[in-house]
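Novice: Sequence and computational prediction follow.
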Amino acid sequence: MKRSLRKCTAGAVGIVTAIVLPILLGFGSLGIEVGHWHLAERQMQGAADAAAMSAAAQYIQDQIAGNTSTAYQTVGQHYAGLNGFTIPVANTCLISVSGDNCSAVRALDARPFNCTPTATQTSETYCIVVEIIQDTFQWLSTQASMEPNGFGSVKVIPTPTLVARSVVSITINFSHTVQGNSCILALANDRNAIQVRGNGDIHANCGLLIDGGRNQNARTPTINSSPACSDGTTPPCGGLTLSGNNAFVHITNLTTAASTAGPTNSSCPGARCFLYNPAITTLPTSAIFTNTATPDPYAGRMFTKPAGVVVRAIAVANGKAGSGYTDGTRTFTVQGGVGIPAKFTATVSGGKITSVPVLIDPGAYTTLPASPILVAADDVKGSGANVTVTSGNCLPGASFATLPKPVPGRAYCSIPTPASVNFPTGIYYVEGGDTSCPGLCMATGGPTASVTTDAAGVTFVLTNVGTGTTGPYATFNISSNGSVNLVAPANNINADGTSCSSGCANTTAGMIVFQDRNAPATTLLPGGGLANTDPTLNSLSGCGNNPICRTLSGTLYLPKQTLNFSGNGIVQGTCFGLVSRYLDDAGTPTFQNGCLPGSTGGSTSTTTGTFRLAQ
């Protein structure tokens with residue numbers, strides 16, 4: 001019996017071995033290759049991290065140097081190669097608040113980026129992404145490896161694509177010295193970026209800066225790609241032109257991006273025209289800086305416009321004067337709609353509204369209230385009154401003049417100031433469109449007119465109706481002999497004048513006037529002269545016999561257009577600055593206490609950067 005049993009089991013080990021061995025070999029092969037994949041992924045991730053950090057270091061270096069180079073991409077590719085992985089240049093990309101160049105990476109790997117770029121007045125955050133992929137079907141080890149395929153058989157294992165991604169977050173910090181001794185910066189890529197004509201004579205107890213198109217956006221110079229100068233010469237351009245034998249400037253220093261300061265007139269050759277003192281003496285060579293670009297210190301400024309509809313006029317609806325209101329002069333608030341509600345005052349007699357409403361706040365709506373438009377009284381009594389409204393994108397100048405006082409945070413077609421007016425702290429959006437006053441028109445009512453601001457300061461934003469780039473844009477004009485005392489906010493504020501955090505949408509600090517970057521650019525006459533009838537001109541004129549009628553503590557920022565000087569008078573203030581595309585002078589103004597950020601005279605402009613792995 002035992003002998004028969006042995007005969008029955010003979011060869012069983014061989015059979016079992018034949019059945020199990022391929023499975024064991026398959027599992028072993030699969031385990032070895034999966035381990036190979038994990039090892040490769042670790043190596044790929046290390047290479048991606050090294051490439052991304054190296055690319056980030058290169059990007060920071062370029063930002064500090066003021067370059068817009070894409071060298072970070074080739075650096076990322078190079079360091080991936082040093083670690084054994086060949087990738088296309090496009091597999092290294094940059095993400096910023098304005099967009100990214102990561103379409104090639106997304107096509108390879110649909111996972112979202114762990115990156116939230118930001119931009120404030122003092123810092124910007126970017127992300128560098130590096131993607132490395134490996135197709136394992138090209139590996140001989142994968143092609144030779146097996147996995148179990150049912151009882152007693154094996155098959156070739158799958159050939160997955162291995163992916164490694166590295167995201168490095170970069171923070172670029174900008175630091176500008178607030179105080180300098182320069183007060184005027186012209187940005188035009190033209191030899192007459194600053195033009196003095198006729199009997200013009202700029203007296204500036206501060207310096208003139210002429211960037212000449214070389215660096216009109218902070219940290220992004222265009223030294224090698226600027227268009228030709230207006231006179232056909234090779235950039236960098238930007239100069240001071242004295243047009244006429246009696247044209248002069250009296251200044252403390254001159255900085256220009258061009259290799260020379262520009263043409264001069266026959267009676268005032270060379271550096272003799274660049275001076276500041278009562279006598280005609282030569283400005284020292286040490287005070288003239290050529291081939292020196294001046295970045296636009298406010299290129300990062302931004303503003304958020306208010307809602308697009310305001311109430312232009314208001315009237316009590318027929319038979320809807322309400323009842324139960326407290327007699328006297330009451331303030332009413334319009335109910336409904338989306339946005340900031342309009343307000344008006346009216347006389348209440350016998351519990352009803354008995355006078356024509358006087359608009360005191362035009363509101364700022366994204367959606368107007370639906371009819372019937374109800375109102376609520378300030379005493380929270382009475383009911384039943386409703387009104388009809390006339391609305392538009394901005395409040396006309398004629399309606400602005402009837403307001404008891406200007407309301408910050410609202411949109412005005414124009415702001416005329418024919419008489420004395422004080423502006424409460426806040427931001428005022430001027431949208432153009434009024435023929436008699438194409439924007440901000442100050443002190444037009446004669447020597448008794450006085451324009452002032454609250455001590456906490458105001459900012460006027462010159463823009464246009466709506467959100468497009470067409471249509472008239474507001475301009476800035478101070479004329480006549482009335483006094484103007486404007487103070488910019490010391491810190492960033494909300495539109496209504498309340499304070500906000502460092503990351504708020506409105507970067508108002510130090511800014512009296514901010515021009516929309518979509519505004520039309522100043523045009524030039526053939527040969528490079530300025531058109532004095534150009535609708536893009538902004539003006540500062542008047543003063544008559546009043547030696548000091550302009551007190552401007554802050555900066556006038558007109559990066560797309562020309563500021564024209566005429567008349568005389570002293571522009572004083574604790575800190576004055578002007579940034580404009582062109583400066584055209586035919587008067588004899590005097591400017592004091594310049595403090596443009598980044599200007600000469602001991603001021604500094606510093607860019608630093610750090611990075612960290614984010615994904």
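Specialist: Arrived safely, thanks for sending. Numbering: from 1, shown residues only.
Novice: Output the lowest mean pLDDT helix or strand found in this protein.
Specialist: Lowest by mean pLDDT, DSSP states H and E among the helices and strands of the chain is strand 274-275, with a mean of 45.
Novice: And the next helix or strand past that strand?
Specialist: Using DSSP states H and E, the helix or strand that follows strand 274-275 towards the C-terminus is strand 288-289.
Novice: and whichever helix or strand comes after that next one, what other elements does it pack with?
Specialist: Counting by DSSP H and E, the next helix or strand C-terminal to strand 288-289 is strand 310-323. When contacts are defined as 3 or more CB pairs under 8 Å, 6 or more residues apart in numbering; DSSP states H and E, strand 310-323 sits against strand 352-353, strand 358-361, strand 364-367, strand 383-392. Glycine gets a C-beta too; all of them are placed from N, C-alpha and C.
Novice: Counting by contacts, list what the second one packs against.
Specialist: Spelled out, that is strand 358-361. Packing partners of strand 358-361 (3+ CB pairs under 8 Å, 6+ apart): strand 310-323, strand 343-349, helix 397-402.
Novice: Quick one: closest of those to Ala57.
Specialist: strand 310-323 (50.2 Å; CB to CB).
Novice: Counting neighbours, which bits of the closest one end up buried?
Specialist: Val310, Val311, Arg312, Ala313, Ile314, Val316, Lys320, Ala321, Gly322 (16 or more other CB atoms under 10 Å).
Novice: what's the span of stretch 317-330, first residue to last?
Specialist: 17 Å (CA to CA, to the nearest Å).
Novice: Poorly predicted segments of the stretch 501-615 of the chain, please.
Specialist: 502-503, 526-529, 544-548, 598-607, 615 (pLDDT under 70).
Novice: what about the strands in it?
Specialist: 511-515, 537-540, 548-565, 568-572, 576-585, 588-591, 605-613 (DSSP state E, counting those that start in this stretch).
Novice: likewise the stretch 351-500 of the chain?
Specialist: Going by DSSP E, counting those that start in this stretch, the stretch 351-500 of the chain shows strands at 352-353, 358-361, 364-367, 373-377, 383-392, 411-412, 415-416, 421-423, 426-430, 439-442, 450-453, 458-462, 475-478, 483-487.
Novice: can you give me the mean pLDDT across the longest one?
Specialist: Confidence over strand 383-392 (mean pLDDT, whole number) is 93.
Novice: Which elements pack onto it?
Specialist: By 3+ CB pairs under 8 Å, 6+ apart, strand 383-392 packs against strand 310-323, strand 328-334, strand 373-377.
Novice: 6 Å instead, please
Specialist: For strand 383-392, the elements it packs on are strand 310-323, strand 373-377, judged by 3 or more CB pairs under 6 Å, 6 or more residues apart in numbering; DSSP states H and E.
Novice: coming back round to it: tell me which of the helices and strands packed on strand 310-323 sits most buried.
Specialist: Highest mean neighbour count among the helices and strands packed on strand 310-323 (mean count of other CB atoms under 10 Å): strand 352-353, with a mean of 22.
Novice: quick one: strands adjacent to that strand?
Specialist: Applying DSSP bridges, strand 352-353 is found paired with strand 343-349 (antiparallel).
Novice: What residues of the partner strand count as buried?
Specialist: Of all the residues in strand 343-349, those buried under the rule 16+ other CB under 10 Å are Lys343, Phe344, Ala346, Val348.
Novice: Now that we have those residues, can you turn them into CSV and tack on distance to Gly594?
Specialist: Formatted as CSV, these follow (distance: CB to CB, whole Å):
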residue, distance to Gly594
Lys343, 41
Phe344, 44
Ala346, 49
Val348, 54
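Novice: Just give me the closest of those to Gln515.
Specialist: Nearest to Gln515 among those, with distances taken as CB to CB, is Lys343, at 30.0 Å.
Novice: nearest residue to Gly426 other than its sequence neighbours?
Specialist: Pro408 (2.1 Å; CB to CB, 6 or more residues apart in numbering).
Novice: my read: the one you found touches Asn494, true?
Specialist: No - using CB atoms under 6 Å, Pro408 is not in contact with Asn494; the gap is 9.1 Å.
Novice: returning to that earlier point: with mean pLDDT and distance to Phe303 as added columns, please give the helices and strands packed on strand 358-361 in JSON lines.
Specialist: Below are those laid out as JSON lines (pLDDT from 0 to 100; distance: least, CB to CB, whole Å):
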{"stretch": "strand 310-323", "mean pLDDT": "94", "distance to Phe303": "17"}
{"stretch": "strand 343-349", "mean pLDDT": "96", "distance to Phe303": "24"}
{"stretch": "helix 397-402", "mean pLDDT": "90", "distance to Phe303": "20"}
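Novice: now for these, which one comes closest to Ala505?
Specialist: strand 310-323 (19.6 Å).
Novice: Please name the strands paired to the closest one in the sheet, noting orientation.
Specialist: strand 383-392 (antiparallel).
Novice: Show the model's pLDDT score for the residue lying closest to Arg165 once chain neighbours are set aside.
Specialist: In space, Arg165 comes closest to Glu131 once its chain neighbours are excluded; the distance is 5.2 Å by CB to CB, 6+ apart. Here the pLDDT value assigned to Glu131 is 93.
Novice: go on, Val356?
Specialist: Reading off the confidence values, Val356 has pLDDT 94.
Novice: Give me the distance between it and Leu208.
Specialist: Per CB to CB, to the nearest Å, Val356 is found 53 Å from Leu208.
Novice: between those two, which one's more packed in?
Specialist: Using other CB atoms under 10 Å as the criterion, Val356 and Leu208 rank with Leu208 on top: 29 against 11.
Novice: Can you classify the more buried one by secondary structure?
Specialist: strand (DSSP: H, G, I helix; E, B strand; the rest coil).
Novice: So Tyr72, which state does it fall into?
Specialist: Going by three-state DSSP: Tyr72 is helix.
Novice: now it: how far from Ala258?
Specialist: 31 Å.
Novice: pretty sure Thr608 contacts Asn173?
Specialist: Yes - with contacts counted by CB under 6 Å, Thr608 reaches Asn173, the gap being 4.9 Å.
Novice: Identify the contacts common to these two.
Specialist: Common neighbours of Thr608 and Asn173, using CB atoms under 6 Å, 6 or more residues apart in numbering, do not exist here.
Novice: quick check, nearest of the buried residues of strand 343-349 to Leu185?
Specialist: Using CB to CB, those come closest to Leu185 at Lys343, 41.0 Å.
Novice: Can you name the residues bridging to that closest one?
Specialist: In beta-bridge terms (that is, DSSP bridges), Lys343 pairs with Thr333, Asp361.
Novice: residue contacts, it?
Specialist: Thr333, Ile360, Asp361.
Novice: So it versus Leu359, what's the distance?
Specialist: Lys343 is 8 Å from Leu359, by CB to CB.
Novice: now swap in Thr304 and tell me
Specialist: Distance from Thr304 to Leu359, by CB to CB: 24 Å.
Novice: in what helix or strand does Arg165 lie?
Specialist: Going by DSSP H and E, Arg165 is in strand 161-176.
Novice: Which strands or helices does the next helix or strand after that strand pack on?
Specialist: Counting by DSSP H and E, the next helix or strand C-terminal to strand 161-176 is strand 182-186. Contacts defined by 3+ CB pairs under 6 Å, 6+ apart place strand 182-186 against strand 201-210, strand 576-585.
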